[in-house]
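S.K.: all I have is the shape, not the residue letters:
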């Protein structure tokens with residue numbers, strides 16, 4: 001489909017979930033997950049194998065191409081060398097210990113985008129005014145509203161493996177047909193309220209080469225703009241990928257930066273997970289042919305935040 005500003009606004013209007021769950025709603029498509037869905041997702045745990053989907057915070061993925069984000073800075077505040085030197089032995093009684101701190105943007109690594117993260121003109125999801133996000137944080141749609149909602153049935157769509165490649169090429173746009181064909185080949189059904197995780201192989205390519213240049217904000221495989229219609233049709237709870245920004249780059253239009261974002265977050269109200277580490281999970285799914293699992297990825301309880309670091313868990 002042709003992607004331009006007109007197509008963006010058309011999709012935003014057609015796919016909007018504004019008011020669907022009430023004028024005060026602040027969790028969007030996570031409303032699609034029922035308590036029964038969570039119970040049934042728990043039944044998918046059959047072998048007790050846990051996969052951590054958070055990328056190491058030591059990986060220098062940020063390159064300054066977008067938003068002034070920097071890589072996490074880990075600083076030791078107290079160490080064993082301090083203890084061994086006797087520096088912690090006064091005053092008495094003393095305690096020998098290690099302590100540390102971390103300094104990072106909320107979206108510097110594996111993370112959720114909050115629904116206040118992207119604006120459609122001067123509006124956020126559900127019609128909230130963009131000015132409700134100020135220097136003190138978001139008064140509406142902050143990440144804290146979903147802190148107890150990120151659990152349910154997870155489904156991996158391993159598009160790279162489906163296409164027979166280690167990694168999709170930069171600029172490859174994953175289409176609706178790709179998603180449906182991948183699910184069919186894997187023998188898995190996409191259901192309402194699912195947490196859908198798409199593997200492109202892009203992150204693993206960077207890890208293998210030990211080269212993150214361009215990963216954050218550069219060219220990448222990702223979701224085609226048309227998949228915003230697929231997301232709304234399937235009524236999923238969240239969409240996640242192993243890439244920096246989920247959607248294909250270069251973008252499919254020069255009339256908007258991240259055009260897919262313009263629709264999926266402020267219009268549809270879907271939670272978006274980015275920079276997911278999927279190597280071990282994908283290998284296990286390919287081995288046992290089971291692509292569904294219990295998924296849990298609670299964000300930090302940081303009121304007013306536009307995003308949150310996470311270490312998602314897939315349990316089979």
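M.R.: Looks like it came in fine. These numbers come from a predicted model, not from an experiment. Numbers count the residues shown, from 1 in each chain.

S.K.: next up, phi/psi of the residue most central in space within the chain, please.
M.R.: Residue closest to the average C-alpha location in the chain (CA atoms, centre = their mean): residue 273, at 0.8 Å. The phi/psi pair for residue 273 (degrees, to the nearest 10) reads phi -110, psi 140.

S.K.: kindly report the same for residue 35.
M.R.: Per degrees, to the nearest 10, the backbone of residue 35 is at phi -50, psi -40.

S.K.: equivalent analysis for residue 158, please.
M.R.: Per-residue torsions, residue 158: phi -90, psi 80 (degrees, to the nearest 10).

S.K.: which ones are touching residue 273?
M.R.: 110-113, 195, 197, 238-241, 297, 310, 312 (CB atoms under 8 Å, 6 or more residues apart in numbering). For every residue, glycine as well, the C-beta is placed using N, CA and C.

S.K.: reformat the residues you listed as TSV; add distance to residue 59, secondary structure and neighbour count.
M.R.: Output for the contacts of residue 273, formatted as TSV (distance: CB to CB, whole Å; DSSP: H, G, I helix; E, B strand; the rest coil; neighbours: other CB atoms under 10 Å):
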residue	distance to residue 59	secondary structure	neighbour count
110	10	coil	27
111	13	strand	27
112	18	strand	28
113	19	strand	24
195	23	strand	28
197	19	strand	27
238	23	strand	28
239	22	strand	28
240	18	strand	27
241	16	strand	28
297	18	coil	28
310	15	coil	23
312	16	coil	25
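
S.K.: out of the residues you listed, who's nearest residue 28?
M.R.: For those, the residue nearest residue 28 by CB to CB is residue 238; the value is 9.3 Å.

S.K.: surely the closest one and residue 274 touch.
M.R.: No: look at residue 238 against residue 274 with CB atoms under 8 Å: they stay out of range, at 11.0 Å.

S.K.: tell me the contacts of residue 220?
M.R.: Going by CB under 8 Å, 6+ apart, residue 220 touches 170-171, 200, 202, 214, 243-245, 248-249.

S.K.: identify the bridge partners of it.
M.R.: Beta bridges link residue 220 to residue 249, judged by DSSP bridges.

S.K.: burial count for residue 219?
M.R.: Using other CB atoms under 10 Å, residue 219 is surrounded by 15 other residues.

S.K.: find the residue closest to residue 228 in space, skipping its chain neighbours.
M.R.: With sequence-adjacent residues excluded and distances taken as CB to CB, 6 or more residues apart in numbering, residue 228 is closest to residue 263, at 4.5 Å.

S.K.: that neighbour - that's part of a helix, no?
M.R.: Yes: the assignment for residue 263 (DSSP: H, G, I helix; E, B strand; the rest coil) places it in a helix.

S.K.: how about the contacts of residue 220 in CSV, adding neighbour count and secondary structure?
M.R.: Formatted as CSV, the contacts of residue 220 follow (neighbours: other CB atoms under 10 Å; DSSP: H, G, I helix; E, B strand; the rest coil):
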residue, neighbour count, secondary structure
170, 18, coil
171, 14, coil
200, 28, coil
202, 23, helix
214, 15, coil
243, 27, coil
244, 26, coil
245, 25, coil
248, 25, coil
249, 21, strand
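
S.K.: between the residues you listed, which is nearest residue 21?
M.R.: residue 245 (26.3 Å).

S.K.: the stretch 1-150 of the chain: strands as residue ranges?
M.R.: Per DSSP state E, counting those that start in this stretch, the stretch 1-150 of the chain carries strands over the ranges 50-52, 73-78, 99-103, 111-113, 133-134, 137-138.

S.K.: state the distance from the residue nearest to residue 228 to residue 27.
M.R.: 18 Å (CB to CB, to the nearest Å).

S.K.: more neighbours, the two?
M.R.: residue 263 (28 against 20).

S.K.: check the residue lying farthest from the centre of the chain and give its pLDDT.
M.R.: Distance from the C-alpha centroid of the chain, by CA atoms, centre = their mean, peaks at residue 92 (47.6 Å). Confidence at residue 92, expressed as pLDDT, is 88.

S.K.: same question for residue 104.
M.R.: Confidence score, pLDDT, at residue 104: 95.

S.K.: neighbours of the closest residue to residue 148 other than its chain neighbours, how many?
M.R.: Leaving aside its sequence neighbours, residue 148 sits nearest to residue 298 (CB to CB, 6+ apart; 7.1 Å). Residue 298: 17 surrounding residues under other CB under 10 Å.

S.K.: which outside residues touch stretch 197-205?
M.R.: By CB under 8 Å, 6+ apart, stretch 197-205 touches 53, 55, 154-161, 165-168, 170, 172, 174, 179, 215, 220-223, 239-243, 246, 273, 275-279, 282, 295, 314.
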